[in-house]
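Trainee: 3D model of this:
(chains A and B)
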Amino acid sequence: MTPAAAPAALAPRQDLRTANLLIGLAVALTLFIVVVPLAYIFWRALSEGFAVFAQNIMAPDTLHAIWLTTVVAVITLPINLVIGISAAWLIARFTFPGRKLLLTIIELPFSISPIIAGVCYLLLYGRQGLLGPALAAGDIKILFALPGIVLVTLFVTSPFVAREVLPLMQAQGSEQEQAALTLGASGWQVFRRVTLPNIRWALLYGAVLATARAVGEFGAVSVVSGAIRGQTNTLPLQIELLFNDLNIVGAFAAASTLTLIALVVLVLKTVIEGRTR
Amino acid sequence: MKTRLTTALALVLGLASPVAAQDAILNVSYDIARELFAELNPVFAEKWQAETGRSVSIDQSHGGSSKQARAILEGLPADVVTFNQVTDIDVLAEGGMVDENWREAFPNQASPYYSLPAFLVREGNPKNIDDWDDLAAEGVQVIFPNPKTSGNARYTYLAAYAYGLEKNNGDHAAAQEFVRKIFANVPVFDQGGRAATTTFAERGLGDVLITFEAETGGIARQYADAKLERVTPSLSVLAEFPVAVVTENAEDKGTADVSKAYLDFLYSPEAQRILAKNFNRVHDEAITAEFAANFPDVKLVTVEEVFGGWDKVQEEHFAEGGILDSVFVNQ
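Mentor: A predicted model of the protein is given here:
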């Protein structure tokens, strides 16, 4: 062993020890912060047997909450896609005064607490709110009904698609689109044959994130839903309700449903991430 | 099972309501009453059907009662409210949603049942906690939520204060010193009653949990393994559970009659029995005798008698810089 080789042989071993320590720490933290609580949800949900679990899931109110949450997600997704693509396209392809401002506004829901969104809608559309009297006169129900829940969910989820698509559009530039235009393609053809294929994975990724958020949203929805069970109670609200009622198995059964949805989303996200890279 | 599945499916698809309801009312209620009304509502529906030949469906909304009152003012279409705070119905009366004489519309000041702050202690009551003075003793850990955010804990504060006054012949300074000692024994102030229950029953913190007597039964049942024991102090504050028809909405929807009948029903022997079974105290004497084991003797005082009403309590005790702030030493 030459003297020069000794430190070289020692150094990586030391690094390895530090690395192992750090990896171990990260694994332990993940285990206790994420894995154990998630596993615990399923364990508690099934603690009184599968029959009780199934009975809790099949309780009409919980079933309706699952349905309502799905409806909200299905309605918000296409709207989010259209808004997200339009906004990203506008900002990436054009320069105009107020472009920076628009970008900031799009990202605003990220930094605003959802509860504030809920309260804003309450103050705007409520009976005592700015638009309240007009809505009441027309017998249009927004708050404490599906439209209100959809509106606040849109507010909270609106930045996701644009946020994912925009950087990609900016990085790719507009050469391909301009080439298509010079070759005589129409606007729609350019979008469908050039733009969309280029951004599709980012678009899908944004859609998955937005949907995950829509399904899990609690704060904003809790303000405008009115929590009428079997009518306007979404799955996260139903979980809180059951938990407050000391119906632990029911709460954990509902929570496990929500967790399952989240896990499916997570898998989708990982698959899509693999494709984008 | 098959019919249940079909009903569930129909519900899920939103195609059909379970029964072709002729009447439908929305009961907007406080946050921990879901099981209670889930038990009461079918009994009323049956009675209404027998009396009028009409079917009725009762929808429920549960949440913190101040939040619920706010939602009704903003358009939540409640036909009746069943709350745990008188002040929250007063807010609705001020907003013109509820008749201003709502307290006279039903017996017992429109409160079909009542409760009081009481204790839940560990198995065998190892610290011998029987009354409020035991909570001020050294080495006792007391659990109740933060009175700044929880109506439940405000009652606890008022009951402890009322006991302090009684023990010290109405000396306010001594009563405040007494309450301060109890507050100093609280290791953690949770946001609400549910969180305090978790702290006490699941985290195993503290020697005694203070909450409404109506809830001690349910908590003891839920955490049966822990063998928690219910203790009713010698004196406590009457906590009313007031009800009212939201006339503004009910008249609009044509549900005034069924709404009134629903609230009247809460005073009927059948309903009072269900209420008493769930550890709510009721005024029906026969029912009270039937469930005497649930309700040990206690001297009850009212907020009006001791503190001069809720407005005054708010101003003197709970407002910023009020008496609560001066005894709330370890917040």
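
Trainee: got a list of contacts for the helix or strand harbouring residue A:117?
Mentor: Using DSSP states H and E, residue A:117 maps to helix A:114-125. Applying CB atoms under 8 Å, 6 or more residues apart in numbering or on different chains, the external contacts of helix A:114-125 come out as A:109, A:129-132, A:135, A:142-143, A:148, A:151-152, A:155-156, A:217-224, B:70, B:74. The way it works is simple: take the backbone N, C-alpha and C, and place the C-beta from them, glycine included.

Trainee: let's test this: mean pLDDT of that helix, rounded?
Mentor: The average pLDDT for helix A:114-125 rounds to 90.

Trainee: please point out which parts of it sit buried.
Mentor: A:114, A:117, A:118, A:119, A:120, A:121, A:122, A:125 (16 or more other CB atoms under 10 Å in any protein chain shown).

Trainee: next, format those residues as TSV and append distance to residue B:327.
Mentor: Formatted as TSV, these follow (distance: CB to CB, whole Å):
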residue	distance to residue B:327
A:114	35
A:117	37
A:118	34
A:119	32
A:120	37
A:121	39
A:122	35
A:125	42
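
Trainee: ok, so of the residues you listed, who is nearest chain B?
Mentor: Proximity of the buried residues of helix A:114-125 to chain B (CB to the nearest CB) peaks at residue A:122, which lies at 5.5 Å.

Trainee: residue boundaries of the strands in the stretch 101-250 of chain B?
Mentor: Per DSSP state E, counting those that start in this stretch, the stretch 101-250 of chain B carries strands over the ranges B:113-115, B:117-121, B:142-143, B:208-212, B:229-231, B:235-237, B:239-240, B:243-245.

Trainee: what sits against residue A:46?
Mentor: Counting by CB under 8 Å, 6+ apart, residue A:46 touches residue A:53.

Trainee: would you mind measuring from it to residue A:256?
Mentor: 8 Å (CB to CB, to the nearest Å).

Trainee: mutual contacts of these two, please.
Mentor: With CB under 8 Å, 6+ apart, residue A:46 and residue A:256 have common neighbours residue A:53.

Trainee: just give me the neighbour total for residue A:147.
Mentor: Residue A:147 has 15 neighbours, counted by other CB atoms under 10 Å in any protein chain shown.

Trainee: now the residue in the stretch 151-300 of chain B positioned nearest to chain A. Nearest residue, chain neighbours left out?
Mentor: Residue nearest to chain A within the stretch 151-300 of chain B (CB to the nearest CB): residue B:222, separated by 4.4 Å. Computed as CB to CB, 6 or more residues apart in numbering or on different chains, the closest residue to residue B:222 that is not its neighbour in sequence is residue A:246, at 4.4 Å.

Trainee: could you check the pLDDT of that neighbour?
Mentor: 76.

Trainee: what residues are up against it?
Mentor: B:197, B:218, B:219, B:222.

Trainee: phi and psi next, for it.
Mentor: phi 60, psi 20 (degrees, to the nearest 10).

Trainee: just checking, what packs against the top helix by length along chain A?
Mentor: Looking across chain A with DSSP state H, the single longest helix is helix A:60-93. Applying 3 or more CB pairs under 8 Å, 6 or more residues apart in numbering or on different chains; DSSP states H and E, we find helix A:60-93 packed against helix A:99-111, helix A:146-157, helix A:159-172, helix A:196-216, helix A:235-244, helix A:248-276, helix B:2-13.

Trainee: any chance of the ones you listed in JSON lines, plus distance to residue B:44?
Mentor: Formatted as JSON lines, the helices and strands packed on helix A:60-93 follow (distance: least, CB to CB, whole Å):
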{"stretch": "helix A:99-111", "distance to residue B:44": "43"}
{"stretch": "helix A:146-157", "distance to residue B:44": "28"}
{"stretch": "helix A:159-172", "distance to residue B:44": "46"}
{"stretch": "helix A:196-216", "distance to residue B:44": "35"}
{"stretch": "helix A:235-244", "distance to residue B:44": "21"}
{"stretch": "helix A:248-276", "distance to residue B:44": "23"}
{"stretch": "helix B:2-13", "distance to residue B:44": "20"}
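
Trainee: for residue B:312, find the nearest of those.
Mentor: Across the helices and strands packed on helix A:60-93, residue B:312 has its closest neighbour in helix A:235-244 (30.8 Å, CB to CB).
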